[in-house]
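In: Can you look at this prediction? I've put the sequence above it.
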Number of protein chains: 2
Amino acid sequence: MAKLEYNLDHIDYQILRIMQNNARTNNADIARELGMAPSAILERVKKLEQKEIILQYNAKINPLALEQNLLSFIFIKTSDIIGEQGVAYLLAEIPEVQEVHDIAGDDGYLIKVRTNDSSGLVDIMRNTLGKIEGILSTRTTIVLETIKEEQKLVIPTKE
Amino acid sequence: MAKLEYNLDHIDYQILRIMQNNARTNNADIARELGMAPSAILERVKKLEQKEIILQYNAKINPLALEQNLLSFIFIKTSDIIGEQGVAYLLAEIPEVQEVHDIAGDDGYLIKVRTNDSSGLVDIMRNTLGKIEGILSTRTTIVLETIKEEQKLVIPTKE
DNA sequence: TTAAATATTGAATATTATTCTAAAATTTAC
DNA sequence: GTAAATTTTAGAATAATATTCAATATTTAA
């Protein structure tokens, strides 16, 4: 895989900033805001997508509306050899698992799980995690309340 | 604040599923896929937004493109009284802090931070966290590699 | 500096968003 | 269970946007 060149100028940054805040902002509006032609903006957005700078567009859905009230972080120790991530990929396949991170130290992995409630969490731990070979131990942290949760990156103001 | 009634049927679920996977799917396409009139879909989407079931539309940007290569989780113990979250709101104001969770146990808060590199992390810990009154201690976990990271919820298949 | 490559504009067309009214379906109240 | 009230939908009309393309401008590289 060739090294990708991300060559972003300040117009790209502005587009990213707008899109990060509202992915449904239309071309015409972006063009107006940046004082450019819609066709030029379209070209740039397409390029940002092609170069995988914009990875995807998501609607953020209120977890409460889908009765997904329990958020948990679980540290998982495994028998995975360093550099290998067999267990990680199995964890990543679980729909309720939103994040899987390989972390430094002897903890192994940190995963983020969203379930209906504690019974949903128990269910996953027992029936899903429990069936994965190579998991040595888990340590679970329950979230009582989420004050902030977003994926917005800090975008440079200058190029 | 009145208790919100989320009254979702299977058409709403389908809309949510489509939007969660691609927030830029246009009305016409959704209408075609669900075999309904665009105007009906528009009504439903507006309602989902009004009822705060769809919270926002985000473009997911590749952190590498913005040189944000280091992801960390930090456990923060504070002198916040249980139920009060003064420190949490200060943490939430930091742009590099993507998540702030109040967690069970004596750890206090768990935050997720994205920085350029380790020097950016040190900088935040020293110059930003260090200046917040009420932080007693921190424990930092560095992410070596992220295998999965998304906010997609599990959407019911039946109503 | 010049040639080549890239990016932008502006106009034309295709497509979509949005509004509105009437009909249909659903819910509510009696 | 029926009728009224509410909500939802469809369909048509219009406004707005997306997209394409050829010409122009700009940038890049030699």
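Out: Sure thing, it's come through. Remember, it's a predicted structure, so these values are computed and weren't measured experimentally. Residues are numbered from 1 along each chain as shown, chains lettered A, B, ... in the order given.
In: hey, let's count contacts and neighbours off CA atoms from now on
Out: Will do.
In: what's near enough to touch residue A:87?
Out: Residue A:87 is in contact with A:78, A:80, A:132-135, counting by C-alpha atoms under 8 Å, 6 or more residues apart in numbering or on different chains.
In: Among those, pick out the one closest to residue B:54, please.
Out: Taking C-alpha to C-alpha as the measure, residue A:132 is the one of those closest to residue B:54, at 33.9 Å.
In: quick one: that closest one and residue A:143, what's the gap?
Out: For residue A:132, the distance to residue A:143 equals 24 Å [C-alpha to C-alpha, to the nearest Å].
In: of these two, who's got more company?
Out: Each of residue A:132 and residue A:143 has its neighbours counted (other C-alpha atoms under 10 Å in any protein chain shown); residue A:143 has more, 19 against 14.
In: Excluding covalently adjacent residues, which one is nearest to the more buried one?
Out: Excluding its sequence neighbours, the residue lying closest to residue A:143 (C-alpha to C-alpha, 6 or more residues apart in numbering or on different chains) is residue B:103, at 4.4 Å.
In: Distance of the one you found relative to residue B:75?
Out: Plainly put, residue B:103 is 9 Å away from residue B:75 if you go by C-alpha to C-alpha.
In: wouldn't residue A:56 be in contact with residue B:62 here?
Out: No: judged on C-alpha atoms under 8 Å, residue A:56 makes no contact with residue B:62 at a distance of 9.2 Å.
In: Give me every residue in chain A lying close to DNA strand D.
Out: Within chain A, the residues that sit near DNA strand D (C-alpha under 7 Å from any atom of the strand) are A:25-29, A:38-39, A:42.
In: Give the PyMOL command for selecting the buried subset of the residues you listed.
Out: The PyMOL command for the buried members of these (criterion: 16 or more other C-alpha atoms under 10 Å in any protein chain shown) is given here:
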select buried, chain A and resi 27+38+42
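In: Dump stretch A:129-140 to CSV, keeping only the CA atoms.
Out: What follows is stretch A:129-140, C-alpha atoms only, in CSV (Å, rounded to 0.1, in the frame of the first residue of the first chain):
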residue,chain,number,x,y,z
LEU,A,129,-17.2,-13.2,25.3
GLY,A,130,-17.4,-16.5,27.3
LYS,A,131,-17.2,-18.4,24.1
ILE,A,132,-14.1,-16.7,22.7
GLU,A,133,-11.0,-18.7,23.1
GLY,A,134,-8.0,-16.9,24.4
ILE,A,135,-9.7,-14.5,26.8
LEU,A,136,-8.0,-14.9,30.1
SER,A,137,-9.8,-12.3,32.2
THR,A,138,-12.0,-9.2,32.1
ARG,A,139,-12.4,-6.2,34.2
THR,A,140,-15.6,-4.1,33.6
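In: Domain map for chain A?
Out: Following automatic domain parsing, one gets these domains for chain A: A:10-50, A:63-142.
In: returning to what we had before: quick one: common contacting residues for residue B:103 and residue B:75?
Out: Residues touching both residue B:103 and residue B:75 (C-alpha under 8 Å, 6+ apart) are B:109-110.
In: so what's residue A:80 scoring on pLDDT?
Out: Per-residue confidence at residue A:80 stands at 80 (pLDDT).
In: mean confidence for stretch A:14-29?
Out: pLDDT averaged over stretch A:14-29 gives 97.
In: Next one: it, is it in contact with chain B?
Out: Yes: using C-alpha under 8 Å from any C-alpha of the partner chain, stretch A:14-29 reaches chain B at A:16, A:19-24.
In: Show me the strands in chain A, by range?
Out: Ranges of strands in chain A, per DSSP state E, are A:54-61, A:70-78, A:97-103, A:109-115, A:135-149.
In: can you put those in TSV and add distance to DNA strand C?
Out: Listed next are those as TSV, based on distance: least, C-alpha to the nearest atom of the strand, whole Å:
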stretch	distance to DNA strand C
strand A:54-61	14
strand A:70-78	29
strand A:97-103	28
strand A:109-115	27
strand A:135-149	27
